[in-house]
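S.K.: Quick one: sequence plus predicted model below, questions after.
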Amino acid sequence: MAMAAQLDEFNNRLARISDPKNKSYYDPELKMAIPKRVSKELINRKKLKKAGFSALLLSLFVGAFALMLSHLACCRFGLIGHDAPVLIYGAAAIVAILIGGLLRLKTMPHMGAQFAGVGAMIATMHNLVWQFPDQFAMIYSPEFVSMVQATTTAGSVMVMGATYTL
């Protein structure tokens, strides 16, 4: 008799599960109805988080700031020598990724903008030194300012050793 009652309960439960009108079940832990069947379109639909323009602009400035911090580590603290620009640029890229991670700018477009900011600052930072030599001498060092002014011209862009005057 107990076996028949269990079999009836099982068959009733199986009928409820197989009923086409039954589209969800109640989960007592979540305290909500969970849909039983989800369409393939909903499963295959990928929600892409698009990077906004302001976040990309912020990432660009993060990269520029990272290069300035890297030069500060080179000039003020002597952690990296002036004769190793690749180390300075690599340190700037790492600092840009770290700062971007702290600001939750971690997507590939954000990191690309951070690297673009480092690259833009590599090409144009000497123009800031030409515009504000006293401030850069106080922050970095007078030797850094004199080295930049001796090797560059004002109002130019340096790309891979070539100087383009604007």
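M.R.: Happy to help now that I have it.

S.K.: And the strands in this structure?
M.R.: Ranges of strands within the chain are 24-27, 32-35, 156-159, 162-165, based on DSSP state E.

S.K.: which parts of the third one are buried?
M.R.: When you say that, I think you mean strand 156-159. Within strand 156-159, the residues that qualify as buried by neighbour count (16 or more other C-beta atoms under 10 Å) are 156, 158. Glycine gets a C-beta too; all of them are placed from N, C-alpha and C.

S.K.: model confidence over that strand, on average?
M.R.: On average, the pLDDT along strand 156-159 is 89.

S.K.: Worst mean pLDDT across the helices and strands of this protein, which element?
M.R.: helix 40-44 (a mean of 72; mean pLDDT, DSSP states H and E).

S.K.: what's the nearest residue to the spatially most central residue of the chain if we skip its chain neighbours?
M.R.: Nearest residue to the geometric centre of the chain (C-alpha atoms, centre = their mean): residue 106, 2.8 Å. The shortest distance from residue 106 to any non-neighbouring residue, by C-beta to C-beta, 6 or more residues apart in numbering, is to residue 100 (6.5 Å).

S.K.: what about the one you found, how many residues close to it?
M.R.: If you count neighbours by other C-beta atoms under 10 Å, residue 100 ends up with 23.

S.K.: could you list every residue that touches it?
M.R.: Shown in contact with residue 100 (C-beta atoms under 8 Å, 6 or more residues apart in numbering): 59, 62, 106, 110, 111, 114.

S.K.: which of those residues are buried?
M.R.: By 16+ other C-beta under 10 Å, the contacts of residue 100 give 59, 62, 110, 111, 114 as buried.

S.K.: and the residue nearest to the centre of the chain, how far is that from residue 149?
M.R.: 38 Å (C-beta to C-beta, to the nearest Å).

S.K.: can you give me the helices in this protein?
M.R.: 2-18, 40-44, 53-75, 85-102, 108-131, 133-139, 142-151 (DSSP state H).

S.K.: what angle separates the third one from helix 85-102?
M.R.: This means helix 53-75. 140 degrees (axes from the mean of the first three to the mean of the last three C-alpha atoms, to 10 degrees).

S.K.: Could you list the low-confidence segments of this protein?
M.R.: Judged by pLDDT under 70, the chain has its weakly predicted residues at 1, 43, 47-49.

S.K.: sorry, back to before: and of the buried ones among the contacts of residue 100, the nearest to residue 136?
M.R.: Of all the buried ones among the contacts of residue 100, residue 62 has the smallest distance to residue 136: 20.2 Å, by C-beta to C-beta.
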